[in-house]
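Curious how this folds, go ahead:
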Amino acid sequence: MNHMQNANDDASPIQEGLGDAAGMDDGEINTGIDTGQGRHSGNVTIRDVAREVGVSPSTVSRAFARPGRVSAQTAQRIREVADRLGYRAKAVTSLSMRDRDHVNSMIAITVADLGNPIFADYVKSAQHQCLRKGFGLLVIDFEETSIIERKALNLTMGHVDGLILSSSRSSDATIRKLAEITPLIALNRPIRGVQSIIPDARVGLEQAVNYLADLGHEEITYLSGPEASWQDGRRWRTMIEICEQRGIRLRRINANAPSYIGGYKYADEFLRTPTTAVVAYNDIVAIGFMKAMQARGIRVPEDISLVGIDDTPVSSLVTPSLSTVKLPRKEPAELAVDEIIAQVRHQKTDTSRSPLFLKSTFIPRSSTGRANPAIHLR
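Residues are numbered from 1 along each chain as shown. Now for the predicted structure:
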């Protein structure tokens, strides 16, 4: 089994610029920005309240000035400690809380790559849902790079009322810390103590592998996704389990970028030890791989069968049309926005922390056919 390597580890000029702008260490996410000092009675200061609660002074300031930007539990703790210590905050504007929320309410969503149609769908669905509910949406594309994600969050925290982290590369501990400060939903990854919504490829992958087995395939190559991706790990473990049940030999190839070009680059390594069937981490990897095979005179599905994951619109338009595992594309972001807004408005303070798994299904198309052992003779 080969270990994967993340091709995006080296910092780019963009990343370096973000580092300068944020003024933060690469591994640190700032959990709040200063938003002004509150008034105090006696000798009690905002820092005293922050120290007692275990949060930053800026979080205490937000709890009074814009409580929607602080989780309900944290805001309640801050109010209780402030009352006990005798601290009183001064209103920061003449607007009512309802007016301020209406004018400035904003949710941020992070995505790994806007060039991937699945993430573009997330953003579009989240934006439509936000507008329907009177919220704005800030989009962060971290380009499959953890450094960009960290720096962008450093610049964003304190300016938004909630976060939707889609395929985040941050650590579980960091995300849990963020969730203590602001309403947060994680997409595509379960995190203990944090609400998460997961479009799950498991059922569809089981159907796909069984479909390939019924077509006579006894060996499958899996073209893996990003090293830090929880979804890639789950898909790989599902492949192992189902292939063992069906007596199928399974091979995995090291990660390239989860893109058309990344899929194309899998070709040479695959052809060193080819198999009659291939399952790719997502549709765009599968399509890039398909184009590389066709450029080398290898036919799909006559020589090899190919399956993607996501059911992006282009999967039905390529030739041959791509068999794929269909994942929900709109529902995850819509549900995440609804959950965030419910928390911001304190309509939901005792939220369940169990992950919500959204099921998938396999869609057979023209890229899968009967096994052809002649691929080994090429």
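
residues of stretch 226-239 that come out buried?
226, 227, 228, 229, 230, 231, 232, 234, 235, 236, 238, 239 (16 or more other CB atoms under 10 Å). For every residue, glycine as well, the C-beta is placed using N, CA and C.

Using CSV, write out every CA atom in whichever strand or helix holds residue 76.
Following DSSP states H and E, one finds residue 76 within helix 72-85. Coordinates of each C-alpha in helix 72-85 appear next as CSV, following Å, rounded to 0.1, in the frame of the first residue of the first chain:
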residue,chain,number,x,y,z
ALA,A,72,-25.9,30.4,22.6
GLN,A,73,-24.1,28.4,25.3
THR,A,74,-21.1,30.8,25.3
ALA,A,75,-23.3,33.9,25.3
GLN,A,76,-25.3,32.6,28.3
ARG,A,77,-22.1,31.8,30.2
ILE,A,78,-20.7,35.2,29.5
ARG,A,79,-23.9,36.9,30.7
GLU,A,80,-24.0,34.9,33.9
VAL,A,81,-20.4,35.6,34.8
ALA,A,82,-20.8,39.3,33.9
ASP,A,83,-23.9,39.5,36.2
ARG,A,84,-22.0,37.8,39.0
LEU,A,85,-19.0,40.1,38.7
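
Run through this protein and note the low-pLDDT ranges.
1-43, 66-68, 88-104, 347-352, 377-378 (pLDDT under 70).

residue boundaries of the strands in it?
106-111, 136-141, 162-166, 184-187, 196-199, 219-223, 249-253, 277-280, 305-310, 323-326, 356-358, 361-363 (DSSP state E).

picking that back up, so how far is the helix holding residue 76 from its chain's centroid?
Distance, stretch centre to chain centre, for helix 72-85: 32 Å (CA atoms, centre = their mean, to the nearest Å).

which helices and strands sit right next to that helix?
helix 46-53, helix 57-65, helix 172-181 (3 or more CB pairs under 8 Å, 6 or more residues apart in numbering; DSSP states H and E).

at 10 Å what do you get?
helix 46-53, helix 57-65, helix 172-181, helix 331-344 (3 or more CB pairs under 10 Å, 6 or more residues apart in numbering; DSSP states H and E).

got the angle between the shortest one and helix 72-85?
Taking axes from the mean of the first three to the mean of the last three CA atoms, to 10 degrees, one finds helix 46-53 and helix 72-85 inclined to each other by 120 degrees.

List the buried residues for stretch 298-310?
Buried residues in stretch 298-310 (16+ other CB under 10 Å): 298, 300, 301, 303, 304, 305, 306, 307, 308, 309, 310.

So the last one sits against residue 225, correct?
So the one you mean is residue 310. No - in this structure, residue 310 is not within contact of residue 225 by CB atoms under 10 Å, at 11.3 Å.

anything in contact with each of the two?
Residues touching both residue 310 and residue 225 (CB atoms under 10 Å, 6 or more residues apart in numbering) are 280, 281, 282, 285.

quick one, what contacts residue 325?
Residue 325 neighbours (CB under 10 Å, 6+ apart): 200-208, 235, 279, 282-283, 307-311, 360-363.

For ChimeraX, what selects the buried ones among these?
Selection of buried members from the contacts of residue 325 for ChimeraX, criterion 16+ other CB under 10 Å:
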select :200,201,202,204,205,206,207,208,235,279,282,283,307,308,309,310,311,360,362,363
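
closest one to residue 77 among the helices and strands packed on helix 72-85?
Closest approach to residue 77 among the helices and strands packed on helix 72-85 (CB to CB): helix 46-53, 5.4 Å.

Closest to residue 337 out of the buried residues of stretch 298-310?
Using CB to CB, the buried residues of stretch 298-310 come closest to residue 337 at residue 310, 20.6 Å.

I'd like the distance between the residue nearest to the closest one when sequence neighbours are not counted and residue 304.
Spatial nearest neighbour of residue 310, excluding adjacent residues (CB to CB, 6 or more residues apart in numbering): residue 283 at 4.5 Å. Per CB to CB, to the nearest Å, residue 283 is found 16 Å from residue 304.

do the same with residue 366
Residue 366 is 13 Å from residue 304, by CB to CB.

Same question for residue 110.
35 Å.

just residue 60 next, same as before
Distance from residue 60 to residue 304, by CB to CB: 60 Å.

Domain boundaries for this protein, per the record?
Domain assignment of the chain by automatic domain parsing yields the ranges 19-30+101-199+331-357, 46-85, 202-328+361-377.

where does the first one sit relative to the chain's centre, distance-wise?
Going by CA atoms, centre = their mean, the spacing between the C-alpha centre of domain 19-30+101-199+331-357 and its chain's C-alpha centre is 9 Å.

how many neighbours does the closest residue to residue 127 other than its chain neighbours have?
Sequence neighbours aside, residue 137 is the residue nearest to residue 127 in space, at 4.8 Å (criterion: CB to CB, 6+ apart). Using other CB atoms under 10 Å, residue 137 has 20 neighbouring residues.

my guess is residue 137 meets residue 126, correct?
Yes - between residue 137 and residue 126 there is a contact under CB under 10 Å: 5.7 Å.

between these two, what contacts are shared?
Common neighbours of residue 137 and residue 126 (CB under 10 Å, 6+ apart) are 107, 108, 109, 164, 333, 337.

Kindly reformat the residues you listed as CSV containing neighbour count and distance to residue 292.
Conversion of those to CSV gives the following (neighbours: other CB atoms under 10 Å; distance: CB to CB, whole Å):
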residue, neighbour count, distance to residue 292
107, 26, 39
108, 24, 36
109, 28, 32
164, 29, 34
333, 29, 32
337, 26, 38
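
tell me the two of these that are most distant?
Counting by CB to CB, the most remote pair of the shared contacts of residue 137 and residue 126 is 108 and 333, 12.5 Å apart.
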